[in-house]
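Asks: Please find the sequence and the predicted model below.
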Amino acid sequence: MIEQALLHAALAVVAVFVALVALAHLLRRLRGLRFRWTYHLFAGAVALLTGAHLLPATLGWRGAALTHLTAATLVLAAFPLVTLLNRICWVRFDKDGNRVEAPRLLIDLTGVVVGVVAVLSAMQFVYAVQVPGLLAGSGVAALVLGLGMQDQLKNMFAGLALYFEKPFKVGDWLLIDGIHARVVEISWRSTRLLTTAEVQIEMDNGALLNQTIYNFQRPTPEHSVSTIIGLHYDAPPAKVIEVLRAAAASVPGVLPERPPVVYLKNFGDSAIEYEICVRIVDHAIMNRVLSDVRAHCWYAVKRAGIEIPYPQMVLHRAAPADPGTGARQAAAAMLRAHKIFGCLTAEQCAALVQASPVVQFANHERVICQGVAGDSMFVLVRGAVDVRITRDGQTRSVAKLGAGDCVGEMSLLTGDPRTATVVAEGEVEAVEIGKAVFGAFVRSNPAVVEQLGELLAQRQMANAKHAAEGVATTHEQVRSGGMLRRLRSFFALG
């Protein structure tokens, strides 16, 4: 009889354990619930408790076994119960079906509360321990424990305050105590941050609440960042502001619909300080954007002839070397090989570029802009540029030019608006020939105007031949159309 009861109990243990494990797999497949390894301990305790109830009452150890197994089942039941509560209370799904969990603080707090309740319930209802009296009798110990854990309790309540007040969330970029960092995780004790240098910082929640927190994601991710540059007192502020604004606007990452703003910040000891404010939407690119803003402004003020003052020792020489000599020599040879300016002699080309400045552009800077009035051309000496045309709201790249090429020659010769936007790809060095220099040149070489008019007429005729209208145009018609007259009028040759 006892052997049969033991067999029934053993079968019940196996059946209950297998059924509970099968139930866990079913919930995982249907609801995505993932129980930990403690679930198998819970299933084993439930199975053994079921088998113990089927044992004969005559067994002397049956009562003690039932007591201990009941307590174990009650305590172990806390683990799957916590998983269910977390799934019901703290796990949500966004509109795209992605899983969104509450802060780790609430998940851990749920586990602690359920675990404590399970242990106290086992003591009260299974082992008949008077829990209220036990807690009251251990008041001194609780006081000592509370004093020893006051920092931990402070951090825990601070974590609760962070969750309910929501000054920031995971993924937000913050400025705390002069450090730019992104929130990685918020736990019950601390907040984990990752700086722009990919260095992890752990800050206690209690200490974090005592800091002034700047959140770059609130109220919107779009925000302003700024840098300061000092320029010479002789440079007119109105001109400086315009140069700096245009330079900062060409930096990738700066919002084109929110133009940069430049302020005259301060009159320093040796320079006027200007603050350049640009708008971005991704704080992760802040350092790169500000670096590019500074670089573009350096190139722009150099081209504009504005000095950046700094402490220095100046050695005056009788004949200072011209740093642009090599660039001008190269530009003279390149100009001599140009289709239009090939009519000039080598001496004329050298004289023309000798009177022109050598300019430099930073990566992504605009050399010329489509639709803008222009009266100069650029002979590319070093670097490459991308030629882009905007039509019907669409911008496309139409050519890549490099050393030896020229851009803007039609604007120099006729004053026509720029027909394309030219953007630097990497650092670009060029010689800029302006209207004033070229006008003085043609006035001292009047025969050049006739030659240029002839060459421009041929070029215009070739362009017309490939135009979409397909209208036949003769050489004389082009000349009579006013090309030579436009040249004389633009340079006031009479």
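Replies: Arrived safely.

Asks: Can you pull the phi/psi pair for residue 426?
Replies: When read as degrees, to the nearest 10, the backbone of residue 426 gives phi 90, psi -180.

Asks: Next up, the contacts around it.
Replies: Applying Cβ atoms under 8 Å, 6 or more residues apart in numbering, one finds that residue 426 lies in contact with 363, 383, 384. All C-beta atoms are positioned from the backbone trio N, CA, C, and that covers glycine.

Asks: For stretch 326-342, could you pull out the residues that count as buried?
Replies: 327, 328, 330, 331, 332, 334, 335, 336, 338, 340, 341 (16 or more other Cβ atoms under 10 Å).

Asks: Apart from its chain neighbours, what residue comes closest to the third one?
Replies: Spatial nearest neighbour of residue 330, excluding adjacent residues (Cβ to Cβ, 6 or more residues apart in numbering): residue 381 at 5.1 Å.

Asks: what's the helix or strand for that neighbour?
Replies: Element membership of residue 381, judged by DSSP states H and E, is strand 376-391.

Asks: Could you turn the buried ones of the contacts of residue 426 into a PyMOL selection?
Replies: A single PyMOL command is used to select the members of these judged buried by 16+ other Cβ under 10 Å:
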select buried, resi 363+383
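
Asks: thinking again about what came up before, ok, the residue nearest to residue 330 - how many residues close by?
Replies: Using other Cβ atoms under 10 Å, residue 381 is surrounded by 24 other residues.

Asks: Leaving out chain neighbours, which residue sits closest to residue 382?
Replies: That would be residue 429: by Cβ to Cβ, 6+ apart, it lies 4.1 Å from residue 382.

Asks: and the one you found, what is it in contact with?
Replies: Residue 429 makes contacts with 327, 358, 359, 360, 380, 381, 382, 383, as judged by Cβ under 8 Å, 6+ apart.

Asks: Now render those residues as TSV, adding distance to residue 423 and pLDDT.
Replies: Output for these, formatted as TSV (distance: Cβ to Cβ, whole Å; pLDDT from 0 to 100):
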residue	distance to residue 423	pLDDT
327	20	89
358	20	93
359	15	93
360	15	93
380	13	94
381	17	94
382	16	93
383	11	94
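
Asks: Show me the two of those residues that sit farthest apart.
Replies: Spatial extent of the contacts of residue 429 (Cβ to Cβ) is set by the pair 358 and 383 at 12.6 Å.

Asks: Name the residues contacting each of those two.
Replies: In contact with both residue 358 and residue 383: 429, 430, using Cβ under 8 Å, 6+ apart.

Asks: any idea which helix or strand comes after the lengthiest helix in the chain?
Replies: What stands out as the longest helix in the chain, according to DSSP state H, is helix 2-31. Counting by DSSP H and E, the next helix or strand C-terminal to helix 2-31 is helix 38-53.

Asks: Give me the contact list for the helix or strand following that following helix.
Replies: Downstream of helix 38-53, the next assigned helix or strand under DSSP H and E is helix 62-76. Contact partners of helix 62-76, identified using Cβ under 8 Å, 6+ apart, comprise 38, 41-42, 45-46, 48-49, 52-53, 55-56, 115, 118-119, 121-122, 125-127.

Asks: out of those residues, which are buried?
Replies: The neighbour count (16+ other Cβ under 10 Å) marks 42, 45, 46, 48, 49, 52, 55, 118, 121, 122, 126 as buried among these.

Asks: sorry, back to before: would you reformat the contacts of residue 429 as TSV and include distance to residue 5?
Replies: Conversion of the contacts of residue 429 to TSV gives the following (distance: Cβ to Cβ, whole Å):
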residue	distance to residue 5
327	104
358	104
359	101
360	97
380	99
381	101
382	97
383	94
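
Asks: Residue 23: which of those is nearest?
Replies: Using Cβ to Cβ, the contacts of residue 429 come closest to residue 23 at residue 383, 69.8 Å.

Asks: Not counting its neighbours along the chain, what's nearest the closest one?
Replies: The spatial neighbour of residue 383 that comes closest, neighbours along the chain excluded (Cβ to Cβ, 6+ apart), is residue 428 at 3.5 Å.

Asks: Check whether the one you found really touches residue 382, as I assumed.
Replies: Yes - Residue 428 lies in contact with residue 382 (Cβ atoms under 8 Å); the separation is 6.8 Å.

Asks: Just to confirm, what's the three-state secondary structure of the residue nearest to residue 383?
Replies: strand (DSSP: H, G, I helix; E, B strand; the rest coil).
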